[in-house]
Each structure stands twice: as structure tokens, then as C-alpha cells.
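Enquirer: Give me a model of this one.
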Amino acid sequence: MAKIVPFRAIRPSRDKVSLVASRSYLSYSKEILLEKLENNPYTFLHIINPDYSAGYEVKSYDEKFKLVKEKFNSFIKKGIFQKDNSDSFYIYQKNNEDGNSFIGIMGAASVKDYQNDNIKIHEQTIQKREELFKNYLQTTGFNAEPVLLTYPNHQSIDKIIKRYAQTRAEYEFTTTNKSQHKLWLVNDANDIQLIERSFSEIENLYIADGHHRFASSSLLAIESNNIKNSNTKYCMSYLIAEDQLQIISFNRLLKNLNGLSNEDFLTRIKEKYELKEVQKALLPSQKDEITLYISKKWYSLIAKEEYVNRTHCVEKLDPAILSNNILAPILGITDPRNDKRLAFIDGTHSLEKIKHKVDSEEFKAAFVLKPISVNQIKEVADKGQSMPPKSTYIQPKLRSGMLIYDFED
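Expert: Residues are numbered from 1 along each chain as shown. Below is the predicted model of the structure:
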């Protein structure tokens, strides 16, 4: 059973939330990041980019984390951030320009559930990154980036979300990328108990995005075991039902063909795939199908049955089939995550953009894959396995700084 509890968020005032909330700073180019910092004194980017306020490049992580905390405290002193008076759940909805809509509950998930495998993972974390973010949490005393968790649809949770969504939101604003954001406070004692009880009826939760964030929170909880403050025993999470999750593919771009000519490359592929030229750009849809763009031509590739390992939950996935039958044996790419000859582009980008990257000779060829399903992710997680690198691009992507989880309550 899952233990999800409310928390007292630190959050922007209603009139400033649209100015404070930001995308992940890694998603901004240097030019746009500088423009945001210069023209918006309220953006959360000022907190997580202390170099700008310091006036010099901060090279030490320890110094940077301390400056983040100082800037965060200055936002509180100025009244930009305020702390709620009571524990609450928060219902958050994001409506994208493309018509995709997501709605779920912000709460605090138990670290013990993560440690006991009731919150399941589908990728392995890197210890160095875990330690770094744990140190960040420890020094700054807050977390502004929730982990994305998913769960099987639950009737009671669906009903309470629907009921609140029909009322006036605490926050309602639209960002420059044309996404609409709404947030409702759930601080009624009966509704809080209903949400807690409903999640306790769910056997397992699954991390959709944010494996390193949860692993770091787990490390922090272990190190803070003797501290009276219980906030470190939980991790701020955004929980959405499985039917709310949007899983997008990650496509592969090749820098070269490992010395092979186009003809030799296609000949080698034919050994393990049924290869067929198609007349226009094609998204794969059939079982074990991927598509290839090379030399201004599109091809459908369907893996031959004898080259697919059906008995293993990871090996039967398209990214693994591609790696096992083309990337490794033909191109010598045995470490897809780190090989510089291979690049990744998520499926939010059009086939036309992928085509342009090859036609411009920035890349030699491109493979287009189908999205992984929720059930495939759950099967991998349930069996304690890990997805191949860059198998999924998962939405929604959340804004930072809209809700802050305070460890120093």
C-alpha cells in the first residue's frame, strides 16, 4: 500500500506565480536564460542560477548550494514566497497547446515505500548524481522539483479530482509556450483523509520521471534518521493516473555508418530485419517495427522473429532489439548512452525535423521508434529490470518553483 501525505507548501502569491514558475533551467539556451534573468526579477531561475546575482561564475557546488539557499530566503523575506498555514494536497492541471491535458495530485510520498520497493523504478541511478542532489537538498533545505509518480486509476481519487476541477482554482495562468496551468488547494480534513485512504488501497506506485530525485531523497532520509523533523522521510511527488501519462519515443541519430557504404549498411540490416522502402515519411506502428531514414529515403524495418528475445521483458523492447541487432553488431555502438556517434531526439520533434538533420548532413541516418507503453514500463519495474537508455520521454514536464517542499519545517 502507498503512503501519501499532505504537506505545507511554500509557494508564490497568486499575483506572481506566473512570473515565478519556470521550466527546468537546462531546457533554456544561454541566451534565453540570460534574457529571463535580466527581465524578470521574480523568476525562480534567479534562485537556481546564483551565478547571475553573484556576478561571477560559481565553480564550487558547496558555494553554489549555499547561494541558492540565500537567494531562496531572500524571496521569502520579500514576500514573493509564502508558506501555507496547514498541510494540504494540491491538485495541479496542465493543458498543453497541442491539446494534451494532465491532472493529478501533489503530495509527499514515503521514502520507506521507495526503499521497500512499493514505489518501483525502471532505470538505475548513478551514485555520483544521487550524492550531488542529496547534498543540494541538505544544504538548501528545500525541493522544488517533484518526482512524477503514476498509479492505476482509482475511482475515489478520480472523483475528488473532478470535483475540485469544477471549482475556482487558486492559480490559473498561461505561459509563453501556450500551456495553461491550474492549481487547487485541498485542505479540507475529510478530503485529505479520503485521498490518504485511497492511496493506501493502491499496492504499488511507479516512478515515471525523477529516479535520481527520489534516490537522493532516500539518501537524505537515511542520513537524517535521528533528526526529529519528519519531512525528510518523504519526497514531494506529482501523482497522476496511468491514463494521464503520455509516453513519447526517443529516436536515434547516427553520425556515421562505421565505415560502411549505404548499400552495405542496408545489406547487413536485411540479415535480421524485413526491410522495405516506403514512399513517404513513416511513423512505425507494427509489432517490432522501426523506421530508417538514410540518403533521402525512408524504410520500414520489422525484426525477424528469430532475432527477438521474447522471454526477457527488456530484450523484447524496440530500443533493445535495435541495439542488439544493428547498433552493436553492425556499428560497434555498445554503450548507447555515452557513444558520441549516437544522438537522441525525442518524439515531440517532427519527422520533418529528423529528415532535415540527415539531409543537412549533420547526421548520416536516423531511426524512428514507437513509444513504450505503460504496461511495458510496469513489467520492467515489476521484474526489477532497467529500461535501455533513452527509451522514453514522458510528459507532463513540470514547472519549478510553483510549489516548494520545505525540509526545515
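
Enquirer: so what's the residue nearest to K276 when sequence neighbours are not counted bridging to?
Expert: Distances taken as C-beta to C-beta, 6 or more residues apart in numbering put S300 closest to K276, at 4.8 Å, once the chain neighbours are dropped. Where you see a C-beta, it was placed from the backbone N, CA and C, and this is true even at glycine. When assigned by DSSP bridges, S300 has beta-bridge partners K276, T291.

Enquirer: and S300, what does it touch?
Expert: S300 makes contact with E274, L275, K276, V278, L282, P284, Q286, E289, T291 under the criterion C-beta atoms under 8 Å, 6 or more residues apart in numbering.

Enquirer: swap in Y61?
Expert: Shown in contact with Y61 (C-beta under 8 Å, 6+ apart): L132, N135, Y136.

Enquirer: what separates the first one from I161, distance-wise?
Expert: L132 sits 35 Å away from I161, going by C-beta to C-beta, to the nearest Å.

Enquirer: more crowded one of those two?
Expert: I161 (21 against 14; other C-beta atoms under 10 Å).

Enquirer: For the nearest residue to K383 once chain neighbours are set aside, which residues are in contact?
Expert: Spatial nearest neighbour of K383, excluding adjacent residues (C-beta to C-beta, 6+ apart): C313 at 5.3 Å. C313 makes contact with Q376, E379, V380, K383, Q385, according to C-beta under 8 Å, 6+ apart.

Enquirer: now do F89
Expert: P6, I105, M106, G107, V186, N187, D191, I192, I195.

Enquirer: isn't the fifth one right up against I4?
Expert: So that's V186. No. Using C-beta atoms under 8 Å, V186 makes no contact with I4, being 11.8 Å away.

Enquirer: Need the overlap of contacts for those two.
Expert: Residues touching both V186 and I4 by C-beta under 8 Å, 6+ apart: I105, I195.

Enquirer: With neighbour numbers in mind, choose between the two.
Expert: More neighbours surround I4 than the other of V186 and I4, with 25 against 21 (other C-beta under 10 Å).

Enquirer: what's the more buried one sitting at in phi/psi?
Expert: phi -120, psi 130 (degrees, to the nearest 10).

Enquirer: do S101 as well
Expert: Dihedral angles (degrees, to the nearest 10) for S101: phi -130, psi 140.

Enquirer: L257 reaches F363, doesn't it?
Expert: No. L257 is beyond contact range of F363, at 10.8 Å (criterion: C-beta under 8 Å).

Enquirer: and this structure, what are its domains?
Expert: When the chain is parsed with automatic domain parsing, its domains come out as 4-247+395-406, 250-370.

Enquirer: Out of these, which is closest to P389?
Expert: Closest approach to P389 among these (C-beta to C-beta): domain 250-370, 4.0 Å.

Enquirer: that older thread, take the contacts of C313 and write them to CSV, including neighbour count.
Expert: Formatted as CSV, the contacts of C313 follow (neighbours: other C-beta atoms under 10 Å):
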residue, neighbour count
Q376, 20
E379, 16
V380, 24
K383, 12
Q385, 16
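
Enquirer: For those, give me JSON lines that also has secondary structure and pLDDT.
Expert: Converted to JSON lines, these look like this (DSSP: H, G, I helix; E, B strand; the rest coil; pLDDT from 0 to 100):
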{"residue": "Q376", "secondary structure": "helix", "pLDDT": "96"}
{"residue": "E379", "secondary structure": "helix", "pLDDT": "96"}
{"residue": "V380", "secondary structure": "helix", "pLDDT": "96"}
{"residue": "K383", "secondary structure": "coil", "pLDDT": "95"}
{"residue": "Q385", "secondary structure": "coil", "pLDDT": "95"}
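
Enquirer: Now name the helix or strand holding the residue nearest to K383.
Expert: Secondary structure assignment for C313, by DSSP states H and E: no helix or strand.

Enquirer: returning to that earlier point: need the domains of the chain in JSON lines with mean pLDDT, can you?
Expert: Shown next, in JSON lines, are these (pLDDT from 0 to 100):
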{"stretch": "domain 4-247+395-406", "mean pLDDT": "93"}
{"stretch": "domain 250-370", "mean pLDDT": "96"}
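
Enquirer: For those, please prepare CSV with the additional fields distance to P389.
Expert: Conversion of the domains of the chain to CSV gives the following (distance: least, C-beta to C-beta, whole Å):
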stretch, distance to P389
domain 4-247+395-406, 8
domain 250-370, 4
